[in-house]
Each structure stands twice: as structure tokens, then as C-alpha cells.
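Novice: show me how the following folds:
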Amino acid sequence: MSGERVAELRRRTSESTVEVRLDLDGTGESDISTTVPFFDHMLTALSKHSLIDLTVRASGDTDIDVHHTVEDTGIVLGMALARALGDKTGIARFGDALVPLDEALAQAVVDVSGRPYLVHSGEPAGFELHLIGGHFTGSMVRHVFEAITVHAALTVHLTVLAGRDPHHIAEAEFKAFARALRHAVALDPRVAGVPSTKGTL
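Specialist: Numbers count the residues shown, from 1 in each chain. Have a look, this model is predicted:
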């Protein structure tokens, strides 16, 4: 992993062990293993479309439920993003993306604001109960974005505009977030210092 905007974190609880390494100035290379296959697929897409190099190793009490492992991975990912961003000097700060996947369409807007806030809407009724890949419930999508948003101190608006297939809906959401995040954390040579009238983010 190269560059200066790099973070590596490890978090262990009685429910999970999570290790994350990321490079904000990467090329979208990833090495993901969470023991939850569909989540691995989503994190791989997040890395690829954000251009953030990402390594994740996670394990936990998936014999009970995937919830702990998935949510805890989101927590550590958010913490790593915050650490890699540092004082946020020179970043674009804002990013937005509109991403389709066949019949599904998702929009994400990201502000590296320092104020954790998630607005998440538009998933069809029953989506949260659907098993994707036989093990990952649709409700986990929101949990992941809540965890990342809170621990990276982002403001995120994520909206599903269309969709029928739960796999397509979830993947469109992750890809839209990835593209918006890519623009928000990018370094802008025209930005002097921190992009805030307060002087801090």
C-alpha cells in the first residue's frame, strides 16, 4: 500500500474480530474476507468503485447471525476512513453519484462534514427481510452505512430510486456510495487548507 493517507486498525470484541487496512489514494484493489460471502462482494465493489485499496479480515459469531460481523466491520471501516483522512486538508469534501444496476437505481451524496448523519430511504417494502445469497438480510445494508457514517463522521444521503431485485438494489447502493465517497475524499489542488468556513471539519 502506498501513499500517506493510509490507515490500519484492528478491533476485537466477544462477538467479532475485525482488521482493516485502507489507502485512500489507491487504485481500487481489494482483498476481502469477512466469512459473509455477499458482504465480501459488496466490499469488493466498494473498493473498486471508490478507488480505495482495501484489505479486510473479519470473523465472528456467524453461527448465531451475520449481524455482529457485518456491523462491526462497518464500524472499523468508518474508523479507518476517519484516521486516513486526518485533518482533511485539501479534500473536495462533497461527492455525489447516481448509479444503476439493471432495473435498480441508487443515488448517494457524501459530505465529509465531521457531523455523523445518515438519511437512507427508498428501499422497497420487505427489502429488509429478504435473504440475499441465503444469509445476508437486506436490513444489513442500512446497518453498514450507519456504522460507516457514524465512525467516519460523514453526512450521507442514500436513496433508492428504483429496483426490484434485492441483490441489484443492495449493489447499486454500495456502488453509488463508493462513487460519491471517491469524489468527496479526493484531493483538490485548488483547495487551500480545510474546505470549511469554520476552518475545521
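
Novice: and the closest residue in space to residue 87 that isn't next to it in sequence, how far from residue 121?
Specialist: Nearest residue to residue 87, sequence neighbours excluded (Cβ to Cβ, 6 or more residues apart in numbering): residue 194, at 6.6 Å. To be clear about C-beta, it is placed using only N, CA and C from the backbone, and glycine gets the same treatment. Distance, residue 194 to residue 121, using Cβ to Cβ, to the nearest Å: 30 Å.

Novice: wait, is the residue nearest to residue 87 part of a strand?
Specialist: No - counting by DSSP: H, G, I helix; E, B strand; the rest coil, residue 194 is not found in a strand; it is coil.

Novice: quick check on it: phi, psi?
Specialist: phi -100, psi 130 (degrees, to the nearest 10).

Novice: OK, contacts around it?
Specialist: For residue 194, the contacting residues are 87, 88, 89, 200, 201, by Cβ atoms under 8 Å, 6 or more residues apart in numbering.

Novice: go with 10 Å
Specialist: 87, 88, 89, 90, 91, 93, 112, 114, 200, 201 (Cβ atoms under 10 Å, 6 or more residues apart in numbering).

Novice: and for residue 163, the neighbour number?
Specialist: 24 (other Cβ atoms under 10 Å).

Novice: how about the nearest residue to it, chain neighbours excluded?
Specialist: residue 104 is the one closest to residue 163 (Cβ to Cβ, 6+ apart), at 3.5 Å.

Novice: show me where pLDDT drops low in this protein?
Specialist: Per-residue confidence for the chain (pLDDT under 70) gives these ranges: 1-3.

Novice: all helices of it, in order?
Specialist: Taking DSSP state H as the test, the helices found in the chain are 37-50, 67-85, 139-152, 166-185.

Novice: neighbours around residue 165, how many?
Specialist: Around residue 165 there are 15 other residues, counting by other Cβ under 10 Å.

Novice: residue 86 too?
Specialist: Residue 86 has 12 neighbouring residues, counting by other Cβ under 10 Å.

Novice: is it true that it touches residue 112?
Specialist: No - using Cβ atoms under 10 Å, residue 86 makes no contact with residue 112, being 11.1 Å away.

Novice: gap between residue 137 and residue 120?
Specialist: Distance from residue 137 to residue 120, by Cβ to Cβ: 15 Å.

Novice: now do residue 45
Specialist: Residue 45 is 18 Å from residue 120, by Cβ to Cβ.

Novice: those two: who's more crowded?
Specialist: Using other Cβ under 10 Å, the more surrounded residue of residue 45 and residue 120 is residue 45, with 22 against 17.

Novice: pull the contacting residues for residue 158.
Specialist: Residue 158 is in contact with 106-110, 118-123, 141-142, 145, 149, 173-174, 176-177, 180, counting by Cβ under 10 Å, 6+ apart.

Novice: closest to residue 19 out of the helices of the chain?
Specialist: helix 67-85 (7.6 Å; Cβ to Cβ).
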